[in-house]
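Chemist: let me see the structure of the following:
(one chain, ligands or ions: 1)
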Amino acid sequence: MSDNVFDLMDQWGPEKVVCVSDQRTGMRGVLVIDNSARGMAKGGTRMSPTVSVTEVARLARAMTWKWAAVDLFHGGAKAGIRFDPASTEKEAVLRAFARALRNEVPAEYVFGLDMGLTENDAAVLADELGDLGAAVGLPRALGGLPYDELGVTGFGVAEAAHAAAETIGLDVVGARVAIQGFGAVGAATAQRLRELGAQVVGVSTAGGALIATDALDVDRLVELRTAHGDDCVQAYGGVRPADELLETDAEILVPAAREDVVGADLARRTTVKLIVEGANLPTTTDAQQVLHERGIALVPDFIANAGGIVAAAYSMDARRSPFPVDPADVFTTISSKMRANAVTVLTESKRRALTPHEAALELAAERVRTAMALRRQLPAQRVSVTA
Ligand SMILES: NC(=O)c1ccc[n+]([C@@H]2O[C@H](COP(=O)([O-])OP(=O)(O)OC[C@H]3O[C@@H](n4cnc5c(N)ncnc54)[C@H](O)[C@@H]3O)[C@@H](O)[C@H]2O)c1
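Modeler: Numbers count the residues shown, from 1 in each chain. So this is what the prediction gives:
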């Protein structure tokens, strides 16, 4: 993809790209507001030593589709700061970034969490602008909602899996599930799927895989994760090489670790009936096509793992209220949204002979196009004038 900002612009956006820098702290950053036709643009704020305008623009576009696919009324945006998040100068750089964007934040953009940023950083960004409404993802002590601690994303992944299984005639009760990655997403998915009656027979971390014929003890694994992190699998006992997880004899596979782990070869030989993408981009485009041809159902990442954005939407709404968000409300909405969206995408994919990713993107694009048309943001129709 080109690094020329103008080459990034197409019929959808970006509407605005703001590049900022500060010589004193070495801060270099960018805010990309991709498309706000369906509502104020929203997306996290990333800090990494290599972040580029192109990367932030692509992430902002992904947010445009994600909000529209989930049918929540925000547009897509993302911000990026090119800096090492481990540096002791992080706070000064965050403050410089917030100051540089004071014209845009919070009127057009609200800071949020992404790679390299913590809840405490969100508090610093908001503090610099003297407005707690300038960021979401704040610590609980400032009224924030601890997404990862509550496991909102994994909960939604499990709800999507349940609804998708029903759609393809697979009973989740007793179904064998393999989950790659036992982090914030994977562990919460395992807990919820177990509650829904599934048997979690495989889990893995970067440190190795556990594969069992009977259900693994998810509660024990969660406790071990708290104590040992990724080494929870070693602490549980019977660990095998991490990659073997993908070959687990199971009906449902949830890749919840990282991108590109399901390629075309695996798609050709897997015996699972349903894949639910907990991680972002875990299945390659080739694999998606193969799975579709083989009739293996798949719930795309931006449909299944959108629990976090539902929580973010609640947090956006609660910024000007003294009442903290009630997690019970968030879980209820995530459940209904993730279920409905998973069913819609699988049904549309079948009806229109598209892969689920294609079906979901078309649905999202249609919603954005309609909003743009209603707001008269599309090119005017040529009007023929006769004398
Ligand atoms: N946390 C969220 O709310 C959220 C929301 C949407 C998408 N995601 C995506 O979900 C994925 C996981 O995020 P997370 O927050 O759970 O991260 P995390 O860091 O909490 O956990 C990642 C887990 O994946 C494991 N892992 C890494 N490489 C592995 C490998 N090769 N084999 C097996 N396991 C491996 C790690 O050991 C860890 O257990 C990422 O793609 C992230 O972008 C997360």
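
Chemist: okay, CA-based contacts and neighbour counts for the rest of this
Modeler: Will do.

Chemist: list the buried ones in stretch 27-44?
Modeler: Neighbour-count burial for stretch 27-44, counted by 16 or more other Cα atoms under 10 Å, picks out 27-38, 40-44.

Chemist: now do stretch 263-280
Modeler: Under 16+ other Cα under 10 Å, the buried positions of stretch 263-280 are 263-264, 266-267, 270-280.

Chemist: farthest-apart pair in the residues you listed, please.
Modeler: The largest separation in these, counting by Cα to Cα, is between Thr271 and Asn280 at 22.1 Å.

Chemist: first vs last residue of stretch 110-128, how far apart are they?
Modeler: 13 Å (Cα to Cα, to the nearest Å).

Chemist: ok now the one helix or strand in the chain whose mean pLDDT sits lowest, how far from the chain's centre?
Modeler: Scoring the helices and strands of the chain by mean pLDDT, DSSP states H and E places helix 147-150 at the bottom, with a mean of 89. The chain centroid and the centroid of helix 147-150 are separated by 14 Å, computed with Cα atoms, centre = their mean, to the nearest Å.

Chemist: repeat for stretch 227-240
Modeler: 26 Å.

Chemist: near the ligand at all, that stretch?
Modeler: Yes - Stretch 227-240 reaches the ligand (Cα under 6 Å from any ligand atom) through Asp230.

Chemist: quick one: mean pLDDT over that stretch.
Modeler: Averaging pLDDT along stretch 227-240 yields 96.

Chemist: neighbouring contacts of it?
Modeler: 182-183, 204-211, 220-221, 224-225 (Cα atoms under 8 Å, 6 or more residues apart in numbering).

Chemist: which SS class is Pro79?
Modeler: Quick fix: residue 79 is Ala, not Pro. Put simply, Ala79 is strand when judged by DSSP: H, G, I helix; E, B strand; the rest coil.

Chemist: please give me every residue in contact with it.
Modeler: Contacts of Ala79 (Cα under 8 Å, 6+ apart): 29-32, 43-46, 56, 111.

Chemist: apply 10 Å and report the result again.
Modeler: Contact analysis of Ala79 by Cα atoms under 10 Å, 6 or more residues apart in numbering lists 17-19, 29-33, 42-47, 51, 53, 55-57, 59-60, 97, 109-114.

Chemist: pLDDT wise, what is it at?
Modeler: So Ala79 comes in at 98 (pLDDT).

Chemist: distance of it relative to the ligand?
Modeler: 16 Å (Cα to the nearest ligand atom, to the nearest Å).

Chemist: tell me which parts of this structure are close to the ligand?
Modeler: 148, 153, 180-186, 204-206, 230, 242, 256-258, 278-280, 305, 308.

Chemist: helices of the stretch 251-387 of the chain, start to end?
Modeler: 264-269, 285-293, 301-304, 307-318, 327-351, 356-374 (DSSP state H, counting those that start in this stretch).

Chemist: quick one: closest of these to Gly80.
Modeler: Of all those, helix 307-318 comes closest under Cα to Cα, at 18.0 Å.

Chemist: which elements pack onto that closest one?
Modeler: Identification of packing neighbours for helix 307-318 by 3 or more Cα pairs under 10 Å, 6 or more residues apart in numbering; DSSP states H and E yields strand 41-42, helix 53-70, helix 147-150, helix 152-167, helix 327-351.

Chemist: for the ligand, what is the nearest residue in the stretch 1-150 of the chain?
Modeler: Asp148 (5.8 Å; Cα to the nearest ligand atom).

Chemist: how many neighbouring residues does the nearest residue to that residue once chain neighbours are set aside have?
Modeler: Distances taken as Cα to Cα, 6 or more residues apart in numbering place Ala184 nearest to Asp148, at 5.6 Å, with adjacent residues excluded. Counted with other Cα atoms under 10 Å, residues neighbouring Ala184 total 18.

Chemist: how near is Ala184 to Asn4?
Modeler: For Ala184 relative to Asn4 (Cα to Cα), the value is 36 Å.

Chemist: and the protein, what are its domains?
Modeler: 5-63+75-144, 150-306+340-362 (automatic domain parsing).

Chemist: output stretch 100-107 as PDB, restricted to C-alpha atoms.
Modeler: The C-alpha trace of stretch 100-107 is given here as PDB (Å, rounded to 0.1, in the frame of the first residue of the first chain):
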ATOM      1  CA  ALA A 100      -1.600  18.400  19.600                       C
ATOM      2  CA  LEU A 101      -5.100  17.000  19.000                       C
ATOM      3  CA  ARG A 102      -7.000  19.300  21.300                       C
ATOM      4  CA  ASN A 103      -9.000  20.700  18.300                       C
ATOM      5  CA  GLU A 104     -10.200  17.200  17.300                       C
ATOM      6  CA  VAL A 105     -10.600  15.600  20.800                       C
ATOM      7  CA  PRO A 106     -13.200  15.100  22.100                       C
ATOM      8  CA  ALA A 107     -15.400  16.800  19.500                       C
END
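
Chemist: quick one: that stretch to chain centroid distance?
Modeler: Worked out by Cα atoms, centre = their mean, stretch 100-107 lies 24 Å from the chain centre.

Chemist: buried set for that stretch?
Modeler: 100-101, 105-106.
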